[in-house]
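>>> my questions are about this predicted structure, shown below with the sequence.
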Amino acid sequence: MTVICFVIGFWAPWVFILAAIFAILTAIGIHDVTQNRHAVLWNYPVLGNIRFLFEKIRPEIRQYLIESDQEEQPFSREQRSLVYQRAKGAEDKRPFGSHEMIYEAGYSWLTHSVVPTHFETSDFRVKVGGSKCKQPYMASLYNISAMSFGALSANAILALNKGAKMGGFAHDTGEGGISRYHREGGGDLIYEIGSGYFGCRNDDGTFNPDKFAKQAGNDQVKMIELKLSQGAKPGHGGMLPAAKITPEIAEARDIPMGVDCVSPAAHSAFSNPMELMQFIGRLRDLSGGKPVGFKLCIGHRREFMCTVKAMLETGIIPDFIVVDGSEGGTGAAPLEFANHVGMPMVEGLTFVHNTLRGAGIRDEVKLGAAGKIVSAFDIARALSLGADWCNSARGYMFAIGCIQAQACHTNHCPVGVTTQDPLRQKALNVNDKYKRVARFHNNTLKALGEMAGAAGLDNPCGFLPYHFMTRRGDGQMTEAADVYTYLREGFLLDDGDDNPIYRERWARANPHSFAPPEAQQQMAAQ
């Protein structure tokens, strides 16, 4: 066809266009039959490329044409649309009734009161800071969860932080340190410190107290969060290749250019529960008495109990703990970690809440919760399970334009949220998006107030498990309180026989070591 069209082109010049097209297809065919990497292309030259084309656009086809409104991949269209509408200030009501399958197992609902209450304001806050905290912080009930500069673009960070400033809530920096874009926005910051100690590290990657004191002393920093693990890939470190490190990323992380940036799986500043508590006490002193806590995804439950025992023995109690669920997101995680490592948020939060109650220190520690929390119902449910406030990462990403393309790790984000490509991130209009962030926060808390009012509460923090019902697998309904029970205060400190699952792990927990008793005995014998 190339040859035929080329010859005909001398009489009809426009046919040369067809000749060029057929020439390109011929070249592709020659390439396909001479390569040996793809059997499909070798057997079906040219046509075989259609398979790879459809494979490439499969996520978009599913998202826009095939998925139902309730199908979560990982967020449903209904969830994303709710965020978009609230961020834009558009109508978020819906006609004709619920699309939920209300008689199927797993369906949950809020029990309401015949005497609902009304809130004049939706600026709901909780005081974070224990008896040894000199600068407590009045945190919003809904804040921006940890996302680092580098994972997110400069424009995304700036839009989120300016939105936090406008809305009066907090923005977690992520473990990538405090960038110039965090500072430019002027919003309240939660300074997260990971195992790489970015922004407060020595040249060898160890913790530098002087650099930390300088960072934490900034008035914009309201709380310090020590990251032990994250829900998307708990127990897994990370590396930012040298090729992806820009001068601005190097500045924020306090790392050299041209060298791979490594985040170890474990911290070097401590190795056992006692050292962890002492490190938290040290951070509190270096920060001038600001609230200090840690974030983790629950793994070995005994290890968390080791930490709680260390709190009791040292008298150093963190001001807060953020429980991250395994449903949390990240720019990139091994599939096995994302799908099968770590405890989901609901079970993790319940366990942490009841362990602190059992140890008699629940009132001294505030709990944050993170893990696919994008609606007022999500927040209300987390509060009922013991959380004092909630964080969201992907919810606020949707607010600044994320379309769930799931290309975060490719540097090819189509809307400029998770890319360092200067051209792509220009698509994110900061002056427009930061207002959407503030509106999303405000409208979500307004909806939370309406739900709390419907339940007859004076404050959303009054949600308890009995306010929620769930349909079981047998079709019958049950109170959430029957499943997620609040265990009695101080039960781990007495000789009772209730709650044996907790007591058995508490008996095996050692405040001086994270290792299981069997390993400790073996080491002692050696």
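Looks like it arrived, so ask away. Residues are numbered from 1 along each chain as shown.

>>> in three-state terms, label residue 12 for me.
Here residue 12 is coil, with the state taken from DSSP: H, G, I helix; E, B strand; the rest coil.

>>> where does this protein dip in pLDDT?
Residue ranges of the chain with pLDDT under 70: 69-70, 72, 524-526.

>>> in the longest helix anywhere in it, what counts as buried?
When the chain is parsed with DSSP state H, its longest helix is helix 430-454. Judged by neighbour count (16 or more other C-beta atoms under 10 Å), helix 430-454 contains these buried residues: 430, 433-449, 451-453. Just so you know, the C-beta spots here come from the backbone N, C-alpha and C atoms, and that holds for glycine as well.

>>> can you name the next helix or strand after it?
Sequence order places strand 468-471 as the next helix or strand after helix 430-454, per DSSP states H and E.

>>> list the buried residues of the helix or strand just after that next one.
Next along the chain after strand 468-471, taking DSSP H and E as the criterion, comes strand 477-479. Neighbour counts over strand 477-479 (16+ other C-beta under 10 Å) mark no residue as buried.

>>> which SSE is immediately downstream of strand 477-479?
Sequence order places helix 480-483 as the next helix or strand after strand 477-479, per DSSP H and E.

>>> convert that next one to CSV, retaining C-alpha atoms only.
Extracted in CSV, the C-alpha atoms of helix 480-483 (Å, rounded to 0.1, in the frame of the first residue of the first chain):
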residue,chain,number,x,y,z
ALA,A,480,-21.4,-0.9,66.6
ALA,A,481,-21.0,-0.9,70.4
ASP,A,482,-21.4,-4.7,70.4
VAL,A,483,-18.4,-5.0,68.1
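
>>> buried set for it?
When burial is assessed from 16+ other C-beta under 10 Å, helix 480-483 yields the following buried residues: residue 480.

>>> how many other residues sit next to residue 230?
30 (other C-beta atoms under 10 Å).

>>> so it sits against residue 294, correct?
No: Residue 230 lies out of contact with residue 294 (C-beta atoms under 8 Å); the separation is 11.6 Å.

>>> returning to what we had before: same for the longest helix of the chain, what does it pack against?
Taking 3 or more C-beta pairs under 8 Å, 6 or more residues apart in numbering; DSSP states H and E as contact, the helices and strands that helix 430-454 lies on are helix 77-88, strand 142-144, helix 154-167, helix 376-384, helix 394-399.

>>> quick one, the fourth one and helix 77-88 angle?
Direction vectors for helix 376-384 and helix 77-88, defined by axes from the mean of the first three to the mean of the last three C-alpha atoms, to 10 degrees, enclose an angle of 100 degrees.

>>> chain center to whichever helix or strand comes after helix 376-384, what's the gap?
Once helix 376-384 ends, the next helix or strand along the chain (criterion: DSSP H and E) is strand 389-392. Taking C-alpha atoms, centre = their mean, to the nearest Å, one finds strand 389-392 lying 9 Å from the centre of the chain it belongs to.

>>> hmm, back to that, what would the helices and strands packed on helix 430-454 look like in TSV with distance to residue 309?
Shown next, in TSV, are these (distance: least, C-beta to C-beta, whole Å):
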stretch	distance to residue 309
helix 77-88	39
strand 142-144	29
helix 154-167	36
helix 376-384	26
helix 394-399	35
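
>>> and the ones you listed as JSON lines, adding mean neighbour count?
Listed next are those as JSON lines, based on neighbours: other C-beta atoms under 10 Å:
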{"stretch": "helix 77-88", "mean neighbour count": "20"}
{"stretch": "strand 142-144", "mean neighbour count": "27"}
{"stretch": "helix 154-167", "mean neighbour count": "25"}
{"stretch": "helix 376-384", "mean neighbour count": "24"}
{"stretch": "helix 394-399", "mean neighbour count": "26"}
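
>>> identify whichever of these lies nearest to residue 458.
Nearest to residue 458, of all the helices and strands packed on helix 430-454, is helix 376-384, at 13.5 Å by C-beta to C-beta.

>>> burial measure for residue 64, as a count.
11.

>>> assumed it was part of a strand.
No: according to three-state DSSP, residue 64 belongs to no strand; its state is helix.

>>> please report how far it lies from residue 419.
Noted for residue 64: a distance of 21 Å to residue 419, by C-beta to C-beta, to the nearest Å.

>>> that older thread, what is the orientation angle of the longest helix of the chain with helix 77-88?
110 degrees.

>>> out of the helices and strands packed on helix 430-454, nearest to residue 510?
Using C-beta to C-beta, the nearest of the helices and strands packed on helix 430-454 to residue 510 is helix 376-384, at 30.7 Å.

>>> and the closest one, what does it pack onto?
strand 108-110, helix 345-358, strand 389-392, helix 430-454, strand 468-471.

>>> following the shortest one, which helix or strand comes up?
Counting by DSSP H and E, the element after strand 108-110 in chain order, helix or strand, is strand 125-128.

>>> walk me through which strands that next one pairs with, and which way each runs.
Using DSSP bridges, the strands paired with strand 125-128 in its sheet are strand 137-140 (antiparallel).

>>> show residues contacting the partner strand.
Residues from elsewhere that reach strand 137-140 (C-beta atoms under 8 Å, 6 or more residues apart in numbering): 123-129, 167-170, 188, 222-223, 290-291, 389, 441, 445.

>>> how distant is that strand from the center of its chain?
19 Å.

>>> dump it to CSV, restricted to CA.
The C-alpha trace of strand 137-140 is given here as CSV (Å, rounded to 0.1, in the frame of the first residue of the first chain):
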residue,chain,number,x,y,z
TYR,A,137,-2.6,23.5,70.0
MET,A,138,-6.3,23.8,69.3
ALA,A,139,-6.6,21.4,66.3
SER,A,140,-9.4,21.2,63.9
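
>>> in that strand, what counts as buried?
Buried-residue list, strand 137-140, by 16+ other C-beta under 10 Å: 137, 139, 140.

>>> if I look at residue 441, how far off is residue 104?
Counting by C-beta to C-beta - residue 441 and residue 104 are separated by 32 Å.

>>> oh, that last question was meant for residue 477, not what I typed.
Distance from residue 477 to residue 104, by C-beta to C-beta: 12 Å.

>>> name the residues contacting each of the two.
With C-beta under 8 Å, 6+ apart as the test, residue 477 and residue 104 both reach residue 471.

>>> quick check: closest non-adjacent residue to residue 107.
residue 471 (4.7 Å; C-beta to C-beta, 6 or more residues apart in numbering).

>>> in the sheet, who's paired with the one you found?
Beta-bridge partners of residue 471, as defined by DSSP bridges: residue 477.

>>> any idea how far the residue lying closest to residue 255 once chain neighbours are set aside lies from residue 368?
Spatial nearest neighbour of residue 255, chain neighbours left out: residue 261 (5.2 Å); criterion: C-beta to C-beta, 6+ apart. Separation of residue 261 from residue 368 (C-beta to C-beta) stands at 27 Å.

>>> those two: who's more crowded?
Using other C-beta under 10 Å, the more surrounded residue of residue 261 and residue 368 is residue 368, with 28 against 21.

>>> tell me the SS of that one?
strand.

>>> mind listing the residues bridging to it?
With DSSP bridges as the criterion, residue 368 is bridged to residue 322, residue 389.

>>> that one is in contact with residue 391, isn't it?
Yes: applying C-beta under 8 Å, one finds residue 368 in contact with residue 391, separated by 5.7 Å.

>>> any common contacting residues for those two?
Joint contacts of residue 368 and residue 391 (C-beta under 8 Å, 6+ apart) are 143, 322.

>>> quick check, the residue nearest to residue 107 in contact with residue 477.
Yes: using C-beta under 8 Å, residue 471 is in contact with residue 477, at 5.4 Å.

>>> list residues touching both of those two?
Common contacts of residue 471 and residue 477 (C-beta under 8 Å, 6+ apart): none found.

>>> that older thread, tell me which of the helices and strands packed on helix 430-454 lies nearest to residue 306.
The nearest among those, by C-beta to C-beta, is helix 376-384 at 25.2 Å.
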